[in-house]
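A.B. asks: sequence unavailable; structure follows:
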Ligand SMILES: Nc1ncnc2c1ncn2[C@@H]1O[C@H](COP(=O)(O)OP(=O)(O)OP(=O)(O)O)[C@@H](O)[C@H]1O
């Protein structure tokens, strides 16, 4: 189980962005991290990965797979070289990693692009590269920061399948997303952030104001309520 408690964190000590953010991600569960633009989702993820300049809190996290909000690629490496570099540095069985990478390249239809440079790929294709690299090794925990961004419908469906398989294997997954219709179908529970803190968390059933309320309707109500309370 992954657990995090952020007392305060941000990009400098003088102006912290997050306060009192606390949650767990149990094994075999997919948790949706939701919130409006600027709510603090990516900053929370940075805090978990201990890459923020200012962090006061506690994180329990082993090694993990990470899909960043924006693709991070080496300018002078081909797709095949990106995969080779990962395989050499990750410290897991090389044959298994190669097989898995080959399978994922087929899944995301990039198996004919191995000799090309991902910096010149389209946005969605670059996102697929990040997914291939994150899911090639086997981890107990995955952090996916807006993983659907730019994906075509087929790739979205394949990612949903992949996430379901990883959950089935027992992996814990934290996924930040604005795709609430999709999140409602696949997430086990949610953490709703607003202004750098957790507004509400739980399963949809636990948070719903009335039976049948969709995640989007609930989200609207929560964010409107928080905005009105702040006035
Ligand atoms: N590198 C940075 N330096 C300073 N402030 C930052 C930096 N990155 C983000 N922020 C600020 O932190 C706050 C939270 O931003 P964050 O990126 O965590 O939001 P988010 O919920 O991920 O939003 P989005 O849905 O738009 O991706 C915002 O006020 C933003 O301006």
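C.D. replies: That came through, no problem. The model shown is predicted, which means the values in this text are computed figures rather than measured ones.
A.B. asks: where does pLDDT dip in the protein?
C.D. replies: Counting by pLDDT under 70, the chain has low-confidence residues at 231.
A.B. asks: domains in it, by residue range?
C.D. replies: 2-64+140-230, 73-138 (automatic domain parsing).
A.B. asks: what about the last one, how long is it end to end?
C.D. replies: Between the opening and closing residues of domain 73-138 there is a gap of 21 Å (CA to CA, to the nearest Å).
A.B. asks: which bits of this structure sit near the ligand?
C.D. replies: The chain has residues 11, 17, 35, 37, 38, 39, 40, 41, 42, 43 near the ligand, with proximity defined as CB under 6 Å from any ligand atom. In this view, the C-beta of every residue, glycine as well, is placed from N, C-alpha and C.
A.B. asks: any chance of the domains of the chain in CSV, plus mean neighbour count?
C.D. replies: Formatted as CSV, those follow (neighbours: other CB atoms under 10 Å):
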stretch, mean neighbour count
domain 2-64+140-230, 17
domain 73-138, 17
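A.B. asks: what about the residue lying closest to residue 145 once chain neighbours are set aside, which helix or strand?
C.D. replies: Closest residue in space to residue 145, ignoring its immediate chain neighbours: residue 69 at 4.2 Å, by CB to CB, 6 or more residues apart in numbering. Per DSSP states H and E, residue 69 falls between elements, in no helix or strand.
A.B. asks: surely residue 69 and residue 146 touch.
C.D. replies: Yes: between residue 69 and residue 146 a contact is recorded at 5.4 Å, counting by CB atoms under 8 Å.
A.B. asks: all set now, cheers.
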